[in-house]
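Colleague: below is the sequence, then the predicted model.
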Amino acid sequence: MATILVVDDELGIRALLSEILTDEGHTVELAENAAQARQVRESLRPDLVQQAVVLAQSADVALLYIALPTFKESEGYDRQDLDLTEQQVALIQAVAKVQPNTVVILNNGAPVAMSAWIDNVPAVLEGWMMGQAGGAALADILFGRANPCGKLAETFPLKLADTPSHTNWPGGAGRVQYGEGIFIGYRYYDAKQMPVLFPFGHGLSYTTFAYSNTQVSATLFKDVEGVTVSVDVTNTGAMAGKETVQLYVHDQKSGLIRPEKELKGFAKVELQPGETKTVTIALDFRSFAYYHPEYKQWITEDGEFDLLLGASAADIRSRLTVQLQSTLNLPCVLDMESTMREWMADPRGKQVLGSLYEQIESQTRRMFAGEDRYGNEASPTPVPETEVMGMDIMDMMVDMPVVSVLMFQQDALTMPAEEMVAGLLRQAHSLQ
């Protein structure tokens with residue numbers, strides 16, 4: 001049997017783990033007692049680290065049980081950082097240097113930073129906040145009697161400054177700004193294309209899984225019909241295990257800004273070695289919808305969507321593209337501040353503005369073609385505005401309110417621009 005070093009800087013789990021390991025016939029070495037552990041909270045104790053190093057050198061395996069102390073994490077107050085204590089980091093680094101079979105077991109309620117030591121240990125077991133049976137559960141996993149099958153329900157960032165709310169927290173003057181909006185968790189890290197320590201949905205196992213034969217019930221469908229996605233999952237390892245298949249949806253084009261992808265479904269499947277099962281996940285109206293503040297409701301839009309199946313937010317195994325047809329008959333929400341782009345994206349607005357848009361574009365291009373942007377004499381030969389300005393003038397105009405664009409052409413209009421747009425709005429809002 002092996003000699004196992006158990007290092008614990010908090011009360012609770014060490015005694016139970018030690019008892020279980022001893023019952024298994026292993027020799028257990030304890031690196032420090034509870035009184036010494038409490039001292040670690042207040043100051044660095046290199047002597048305790050050295051004691052663990054000496055024991056680790058003669059052990060077969062070192063189990064480092066790392067729990068955030070109450071001055072780092074507790075109910076009733078917010079954490080100031082993602083860091084372990086200096087003593088804990090020093091302990092992990094020192095033990096891992098002399099013992100290649102070092103396992104770090106975490107007891108924490110939220111992500112912690114690991115960059116200072118993660119590359120030097122072969123295994124990390126995330127235990128979260130365990131109850132009275134936590135020690136027995138850990139022993140089952142460590143000895144292979146149980147296969148860890150959990151997936152992270154949040155992203156582990158590399159550092160505190162990477163988190164979405166970092167620049168908004170804690171606020172001031174009695175106000176906290178939730179400036180991240182819909183870009184929370186993996187949505188934020190996707191949008192920033194930012195590396196993370198562990199992505200949302202990540203989780204290792206004592207076995208491996210392969211995905212194949214991805215199918216969708218329909219490639220063209222109405223929002224109220226929804227679709228069903230299926231994939232074959234095979235246990236390609238030597239141990240029974242469970243895999244959580246995650247289904248994300250990516251909207252290729254949206255009227256409002258949306259995340260790169262959003263988790264819309266998941267399913268967990270248990271597989272014996274070599275076994276294959278088909279996993280099915282259904283997507284409904286809300287899977288493709290988003291809340292629109294002007295319509296004051298959840299809406300869908302015609303267009304293409306990518307369906308992404310993966311083992312985590314960063315481990316996408318397969319991709320399918322489908323086309324959705326919206327059944328909604330949305331009211332016209334155009335107003336005096338609506339841009340040309342918004343007019344042309346609205347079915348009623350496009351119907352009303354369509355012919356006038358062509359006139360506006362033609363007149364705009366004539367206005368800017370060949371004109372010297374600094375007021376010098378224009379070229380005798382007409383020059384496209386793309387050469388004069390270095391850009392297509394309509395790329396700028398389409399994101400301006402229609403009334404502002406018309407003001408550029410006021411001399412050619414038969415009425416003030418505001419009155420013309422007011423008339424267009426009445427027509428658009430009258431259409432069914």
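Modeller: Nice, thanks for sending it over.

Colleague: where does the stretch 251-400 of the chain have low pLDDT?
Modeller: With pLDDT under 70 as the threshold, the stretch 251-400 of the chain has low-confidence stretches at 369-391.

Colleague: tell me where it has strands.
Modeller: Under the criterion DSSP state E, counting those that start in this stretch, the stretch 251-400 of the chain contains strands at 262-271, 276-283, 290-292, 297-299, 303-312, 315-325.

Colleague: in contact with the residue lying closest to L158 once chain neighbours are set aside, which residues?
Modeller: Distances taken as C-beta to C-beta, 6 or more residues apart in numbering put L197 closest to L158, at 5.2 Å, once the chain neighbours are dropped. Placement of C-beta: from N, CA and C, glycine included. Residues in contact with L197, defined by C-beta atoms under 8 Å, 6 or more residues apart in numbering, are P111, A113, M114, S115, I118, F156, P157, L158.

Colleague: list the contacts of the third one.
Modeller: Spelled out, that is M114. Taking C-beta under 8 Å, 6+ apart as the definition of contact, the neighbours of M114 are V124, F156, L197.

Colleague: ok, now the first one?
Modeller: The contact partners of P111, by C-beta under 8 Å, 6+ apart, come to L82, E154, T155, F156, P157, L197.

Colleague: out of those, who has the most neighbours?
Modeller: T155 (27 neighbours; other C-beta atoms under 10 Å).

Colleague: what angle do strand 315-325 and the one helix or strand V231 maps to make with each other?
Modeller: Element membership for V231, per DSSP states H and E: strand 227-235. Relative orientation of strand 227-235 with respect to strand 315-325: 160 degrees, computed using axes from the mean of the first three to the mean of the last three C-alpha atoms, to 10 degrees.

Colleague: what angle do strand 227-235 and strand 276-283 make?
Modeller: Counting by the same axes, to 10 degrees, strand 227-235 points 150 degrees away from the direction of strand 276-283.

Colleague: so what does strand 227-235 touch, helix or strand wise?
Modeller: Here strand 227-235 is seen to pack against strand 209-216, strand 241-251, strand 262-271, strand 276-283, strand 303-312, strand 315-325 when contacts are counted using 3 or more C-beta pairs under 8 Å, 6 or more residues apart in numbering; DSSP states H and E.

Colleague: list the buried residues in the third one.
Modeller: Of the residues in strand 262-271, those scored as buried under the neighbour-count criterion (16 or more other C-beta atoms under 10 Å) are E262, L263, K264, G265, F266, A267, V269, L271.

Colleague: ok, now stretch 74-87?
Modeller: Across stretch 74-87, burial judged by 16+ other C-beta under 10 Å covers R79, L82, D83, L84, T85, Q87.

Colleague: burial count for D302?
Modeller: Other residues near D302 number 11, with proximity taken as other C-beta under 10 Å.

Colleague: list the buried residues of the top helix by length along the chain.
Modeller: In terms of residue count, the longest helix belonging to the chain (DSSP state H) is helix 347-368. Counting neighbours by 16+ other C-beta under 10 Å, one finds that the buried residues in helix 347-368 are R348, G349, V352, L353, Y357, I360, E361, T364, R365, F368.

Colleague: how far off centre is it?
Modeller: In terms of C-alpha atoms, centre = their mean, to the nearest Å, the centre of helix 347-368 is found 40 Å from the chain centre.

Colleague: ok, residues contacting it?
Modeller: By C-beta under 8 Å, 6+ apart, the residues outside helix 347-368 that reach it are 332, 334, 338, 340, 342-344, 385, 388-389, 393-394, 397, 402, 405-406, 408-409, 412, 424, 427-429, 431.

Colleague: nearest residue to D78 other than its sequence neighbours?
Modeller: In space, and not counting its chain neighbours, D78 is closest to P170: 7.0 Å by C-beta to C-beta, 6+ apart.

Colleague: doesn't the one you found belong to a helix?
Modeller: No - secondary structure assignment (DSSP: H, G, I helix; E, B strand; the rest coil) places P170 in coil, not in a helix.

Colleague: shouldn't it be in contact with R79?
Modeller: No - contact between P170 and R79 fails when scored by C-beta atoms under 8 Å: they sit 11.2 Å apart.

Colleague: and the residue nearest the centre of the chain, how far is that from T214?
Modeller: For the chain, the residue nearest the mean C-alpha position is Y186 (0.8 Å; C-alpha atoms, centre = their mean). Distance, Y186 to T214, using C-beta to C-beta, to the nearest Å: 21 Å.

Colleague: before we move on, what about L64?
Modeller: Relative to T214, L64 is positioned 41 Å away (C-beta to C-beta).

Colleague: how many other residues sit next to the nearest residue to A240 once chain neighbours are set aside?
Modeller: Take A240 and drop its neighbours on the chain: the residue closest to it by C-beta to C-beta, 6+ apart is Q272, 5.0 Å away. The local packing of Q272 (other C-beta under 10 Å) involves 11 other residues.

Colleague: cool, and G134?
Modeller: G134 sits with 18 neighbouring residues when counted by other C-beta under 10 Å.

Colleague: ok, it touching G127?
Modeller: Yes - using C-beta under 8 Å, G134 and G127 qualify as a contacting pair, with a distance of 6.5 Å.

Colleague: which residues are common contacts for these two?
Modeller: Taking C-beta under 8 Å, 6+ apart as the contact criterion, the common neighbours of G134 and G127 are N107.

Colleague: ok so, going back, let me have the helices and strands packed on strand 227-235 in CSV, adding distance to H166 as columns.
Modeller: Formatted as CSV, the entries for the helices and strands packed on strand 227-235 read as follows, by distance: least, C-beta to C-beta, whole Å:
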stretch, distance to H166
strand 209-216, 35
strand 241-251, 25
strand 262-271, 22
strand 276-283, 33
strand 303-312, 23
strand 315-325, 26
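
Colleague: now the buried members of the contacts of helix 347-368.
Modeller: 332, 334, 338, 340, 342-343, 385, 388, 393-394, 397, 402, 405-406, 408, 424, 428.

Colleague: tell me, how many residues neighbour S430?
Modeller: Neighbouring residues of S430 were enumerated by other C-beta under 10 Å; the total is 10.

Colleague: how near is it to Q297?
Modeller: Counting by C-beta to C-beta, the separation of S430 from Q297 is 22 Å.

Colleague: how close does the residue lying closest to A345 once chain neighbours are set aside sit to Y248?
Modeller: Spatial nearest neighbour of A345, excluding adjacent residues (C-beta to C-beta, 6+ apart): G255 at 6.3 Å. Distance of G255 to Y248, given as C-beta to C-beta: 20 Å.
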